[in-house]
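*Asks:* next one to model:
(chains A and B)
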2 protein chains.
Amino acid sequence: MKRIVVLGSTGSIGRSTLEVVRSLGGRVEIVGLSAHKRIGDLARQVSEHSPLAVAVGDPAMADEVRSAAGGRRVEVFSGPEGLLELVSLAEADLVVNALVGAAGILPTLAAIEAGKDVAIANKESLVAAGAVITARARAKGVNLIPVDSEHSAIYQCIRGEDRDAIKRIILTASGGALVDMPADEIADVKASQALRHPTWSMGRKVTIDSATLLNKGFEVIEAHWLFGIEADQIEVAIERRSIVHSLVEFVDGSVMALLSPPDMKLPIQYALTFPERVESPLPGLDLVSTGGIEFGQPDLGRFPCLRLAYEVAAIDGTAGAVLSAADEVAVDAFLEGRISFGEIYSVLRDVLSMHKVKDAASLDSVLKADAWAREQAAGIVKETSGRL
Amino acid sequence: MKRIVVLGSTGSIGRSTLEVVRSLGGRVEIVGLSAHKRIGDLARQVSEHSPLAVAVGDPAMADEVRSAAGGRRVEVFSGPEGLLELVSLAEADLVVNALVGAAGILPTLAAIEAGKDVAIANKESLVAAGAVITARARAKGVNLIPVDSEHSAIYQCIRGEDRDAIKRIILTASGGALVDMPADEIADVKASQALRHPTWSMGRKVTIDSATLLNKGFEVIEAHWLFGIEADQIEVAIERRSIVHSLVEFVDGSVMALLSPPDMKLPIQYALTFPERVESPLPGLDLVSTGGIEFGQPDLGRFPCLRLAYEVAAIDGTAGAVLSAADEVAVDAFLEGRISFGEIYSVLRDVLSMHKVKDAASLDSVLKADAWAREQAAGIVKETSGRL
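*Replies:* As a prediction, the model looks like this:
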């Protein structure tokens, strides 16, 4: 029986995690849940899973959660500190961090410091704070188990292999909503077009990041930290069906690949049951009816955000925090109609070009870079949207 | 430094093994070689690799080998017993068994009894004697490392995984020389057509077995023994480019695949350097230029030998020995023009239908079944060719 805390349990990955827990029928027990705003959803989850504790955004939400627990006692933490208390629960073995954005960084670190394994779906923990997080995880001897389908695939492919045997990692990408769009139309696509992801159903922020291919760029940076691999050993290949979730080439030339139908519940289950594999109710892969699997090269001309991320992965330091924070601001602005799709890239490029990269070995420098980047990005967005 | 004995060093796999040893530059040392007839080739190999000992088919060949060794002392064993002495060399860590046919069974067993790991390219050791060989390998705690690209792929995919986590194995097949031939033309193809393998360059016997798909059937039986998996958990999928060397589906629905350009030197190197992976001079896989990878179902109607092998894998006992021995006779007869291509199947079917399956836990019962099957097959061939 593994006891888990799910941070961000009312979001897309959080809800899928609870579905997997349900299908695992008693192998995994929920001891903690957290939600920022969707208190009604959280109350229903509390009623079903009877966690020992929850964390909510606002102390005023505590009563609704307590009444959802029926007669059972449930500890309610609140605010950003509430998340840190939740991940440190003595009863927890594993923390699933499905928070979106930089708010996920501190809880990841707190979980590591408390000696918990972390199933990591929060990109910012690695993109912005990969140096600190991976160093602390090593020091504390805890596992960072990726939840992203790509990194889970790589994690599975290198299981039992020597780290030095890895020659390169090939992250696959569906290509996002705009993979076939001519260069001159991309700059002005509407949010509704960019939100139409061909294979994965995900949150709005990550779907836009998929359309710019920056999501894949973030994954390059994440892989760099998770697997201790240099940026120039990480490639991106377009595989439109999202059947091949990533590949690893070893020094002898053998290439290992992980395939499955595209369903986040599979890598989530892997992270929950690791190191065991457990039967899943999901439909398996029918290789014959799948049809042809092809790999293509991403077009860095049409998708310059991916190129930016490669540059960031090679620079290290606070550049990741800056890219990640600026992108939160830029994507928000795009979704609110304040900047065009093409301007997401220019905001990121301009913020990065103004940034003096510092060492990111301390969380403090990461959080400062994050705050600085948000401010700069907001300024550029304001200026840009004023021109519209 | 690993010290190896190569049985059948002048054959196709044997020569590739020596090429790999050369490219590994000092990581692997040849301490023993064997050849049955190609004494000139063997002499050249002895001159290059300076083994401590060799085994030859006929004692009369000893002098030529000794003179090839120059001034160095080389022990020369001969005849079938010579192979058994060679694999037991105190200096050897690993025996590469690249012998063709049932002659490979006893040397595999002798290597295991001498406590040597065996890199196994000799199909008959598993197809005919899998029960004995795998039981003895377990008892002696030695590794049986497959050299076949398909089984090597599976061996690599399940590394670090729990055996119980395997749901099914999917062996890939190029489809052989006749994959696209209409059913009514297959029965009468000429040897020259059946020998035209689309992707692999191999010996004549195995190329004909590829054309009937019996080679894939043998691989089903081998996988059954090597991985302790039931026949109904082993599938065959046509993958014409021979880029995907096989796949493993785990109980959670994840499918792991091993890809590389089709070159036997890759699985050979893996077997020689296991558990390490070592850089290889072979060209890597270019996923983008590879083009589409598709999987198809084998047609058991056009290729009934594969169906026979499945039946044999489910029956166990001496059926494997009978299928394997009868096939040696039938393929020889086909290559000599004494029976038609379609009659390979009828010979096998008829011999199997006459066989009373016995337990194959002792080598004695295996060798008796082998001898019986050869006799029966020879009789049927004679009768059949008399009708031509």
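
*Asks:* quick one: the helices in the stretch 151-300 of chain A, in order.
*Replies:* A:183-186, A:191-194, A:204-212, A:214-227, A:265-273, A:287-290 (DSSP state H, counting those that start in this stretch).

*Asks:* CSV for those helices, including distance to chain B?
*Replies:* (Glycine included, C-beta is placed from N, CA and C.) Converted to CSV, these look like this (distance: least, C-beta to the nearest C-beta, whole Å):
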stretch, distance to chain B
helix A:183-186, 20
helix A:191-194, 25
helix A:204-212, 20
helix A:214-227, 15
helix A:265-273, 6
helix A:287-290, 4
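
*Asks:* how about these, which one is nearest A:Ala121?
*Replies:* helix A:265-273 (8.0 Å; C-beta to C-beta).

*Asks:* which residues touch the closest one?
*Replies:* A:2, A:4, A:13, A:16-17, A:19-21, A:23-24, A:27-28, A:94, A:96, A:119, A:121, A:145-149, A:152-153, A:155-156, A:245, A:260, A:277-278, A:280, A:282, B:252-254 (C-beta atoms under 8 Å, 6 or more residues apart in numbering or on different chains).

*Asks:* buried residues, that helix. List them.
*Replies:* A:265-273 (16 or more other C-beta atoms under 10 Å in any protein chain shown).

*Asks:* need the residues you listed in CSV with pLDDT, can you?
*Replies:* Output for those, formatted as CSV (pLDDT from 0 to 100):
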residue, pLDDT
A:Lys265, 97
A:Leu266, 97
A:Pro267, 98
A:Ile268, 98
A:Gln269, 98
A:Tyr270, 98
A:Ala271, 98
A:Leu272, 98
A:Thr273, 97
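
*Asks:* would you list those residues in TSV and tack on distance to A:Phe218?
*Replies:* Listed next are the buried residues of helix A:265-273 as TSV, based on distance: C-beta to C-beta, whole Å:
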residue	distance to A:Phe218
A:Lys265	22
A:Leu266	21
A:Pro267	16
A:Ile268	19
A:Gln269	23
A:Tyr270	20
A:Ala271	18
A:Leu272	23
A:Thr273	26
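
*Asks:* closest to B:Ala191 among these?
*Replies:* Among these, A:Leu266 lies closest to B:Ala191 (C-beta to C-beta), at 47.5 Å.

*Asks:* what is the mean pLDDT for the longest helix along chain A?
*Replies:* Using DSSP state H to define each element, chain A has its longest helix at helix A:363-387. Here helix A:363-387 scores 93 as its mean pLDDT.

*Asks:* tell me the residues on the stretch 101-250 of chain A that lie near chain B, please.
*Replies:* A:156-157, A:159-162, A:165, A:167, A:170, A:237, A:247, A:249-250 (C-beta under 8 Å from any C-beta of the partner chain).

*Asks:* show me these that map onto strands.
*Replies:* Those of those mapping onto strands are A:167, A:170, A:237, A:247, A:249-250, per DSSP state E.

*Asks:* among those, which ones are buried?
*Replies:* Buried subset of these (neighbour count, 16+ other C-beta under 10 Å): A:167, A:170, A:237, A:247, A:249-250.

*Asks:* so which of the helices of the stretch 151-300 of chain A comes closest to B:Ile339?
*Replies:* Closest to B:Ile339 of those is helix A:287-290 (C-beta to C-beta; 33.3 Å).

*Asks:* which positions within the closest one qualify as buried?
*Replies:* For helix A:287-290, burial by neighbour count (16+ other C-beta under 10 Å) applies to A:Leu287.

*Asks:* what's downstream of it, the next helix or strand?
*Replies:* helix A:304-315 (DSSP states H and E).

*Asks:* so where's the stretch 51-200 of chain A shaky on pLDDT?
*Replies:* Along the stretch 51-200 of chain A, segments meeting pLDDT under 70 are nowhere present.

*Asks:* okay, now the closest residue to chain B within it: neighbour count?
*Replies:* Nearest residue of the stretch 51-200 of chain A to chain B, counting by C-beta to the nearest C-beta: A:Gly160, 2.1 Å away. A count of nearby residues for A:Gly160, using other C-beta atoms under 10 Å in any protein chain shown, gives 13.

*Asks:* these two touch, right, it and B:Gly160?
*Replies:* Yes - counting by C-beta atoms under 8 Å, B:Gly160 is a contact partner of A:Gly160 at 2.1 Å.

*Asks:* so who does the closest residue to A:Ser78 other than its chain neighbours touch?
*Replies:* Leaving aside its sequence neighbours, A:Ser78 sits nearest to A:Pro59 (C-beta to C-beta, 6 or more residues apart in numbering or on different chains; 4.2 Å). Contact partners of A:Pro59, counting by C-beta under 8 Å, 6+ apart, are A:76, A:78-79.

*Asks:* what sits against the residue in the stretch 251-388 of chain A positioned nearest to chain B?
*Replies:* Per C-beta to the nearest C-beta, the residue of the stretch 251-388 of chain A with the smallest distance to chain B is A:Gly292, at 3.4 Å. Taking C-beta under 8 Å, 6+ apart, we find A:Gly292 in contact with B:292-294.

*Asks:* how near is A:Ile39 to A:Val132?
*Replies:* Using C-beta to C-beta, to the nearest Å, A:Ile39 is found at 32 Å from A:Val132.

*Asks:* domains for chain A, by residue range?
*Replies:* Residue ranges for the domains of chain A, per automatic domain parsing: A:2-146, A:149-263+A:294-300, A:317-388.
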